[in-house]
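Participant: let's see this in three dimensions:
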Amino acid sequence: QVQLVESGGGLVQAGDSVRLSCAASGRTVSSYGMAWFRQAPGKEREFVATINSSGGSTYYADSVKGRFTISRDNAKNAVYLQMNNVKPEDTAVYYCAANRLRFRVPPTRFDYAWWGQGTQVTVSS
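Facilitator: Purely as a prediction, here's the structure:
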């Protein structure tokens, strides 16, 4: 059983930077692809960024490319999302996901087996 716990969300202003963390417990996730998704009120959960098991390959949604960076520390069993120059449209609950089951491009919410409970990020203008 894997538990994923996100942290680092909160209320920020447009243009600020935020760093989200996702800590895994129960088993090591170092051999699994991991990702961040987000869900705004009334909208579907959407892909944000993904990283492969070694951390050597990443992929981003067009809406965050150049502003967000996904990284991981396998020694700490964790994945991170550095969010720079945030915008009001980045407001959402951000979810960490692990164990990529299918390799669709872009990934969808159906492609990952394990999920965290989410952390709220609210960006004020």
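
Participant: who does the most centrally placed residue in the chain form a beta bridge with?
Facilitator: Nearest to the mean C-alpha position of the chain, counting by Cα atoms, centre = their mean, stands Trp36 at 2.0 Å. With DSSP bridges as the criterion, Trp36 is bridged to Ala49, Cys96.

Participant: touching, it and Leu81? I think so.
Facilitator: Yes. In this structure, Trp36 is within contact of Leu81 by Cβ atoms under 8 Å, at 4.8 Å. C-betas here are computed from N, CA, C, even on glycine.

Participant: mutual contacts of those two, please.
Facilitator: Shared contacts of Trp36 and Leu81, defined by Cβ atoms under 8 Å, 6 or more residues apart in numbering, comprise 20, 22, 48-49, 70, 94.

Participant: which of those residues sits closest to Lys76?
Facilitator: Cys22 (10.5 Å; Cβ to Cβ).

Participant: how close does that closest one sit to Asp62?
Facilitator: Computed with Cβ to Cβ, to the nearest Å, the distance linking Cys22 and Asp62 is 22 Å.

Participant: wait, is Arg104 part of a strand?
Facilitator: No. Applying DSSP: H, G, I helix; E, B strand; the rest coil, one finds Arg104 to be coil, outside a strand.

Participant: show me the contacts for it.
Facilitator: Counting by Cβ under 8 Å, 6+ apart, Arg104 touches Asp111.

Participant: repeat the analysis, applying 10 Å as the threshold.
Facilitator: Shown in contact with Arg104 (Cβ atoms under 10 Å, 6 or more residues apart in numbering): 47, 110-111.

Participant: compare those and tell me which is most surrounded.
Facilitator: Of all those, Phe47 has the most neighbours under the rule other Cβ atoms under 10 Å, reaching 23 neighbours.
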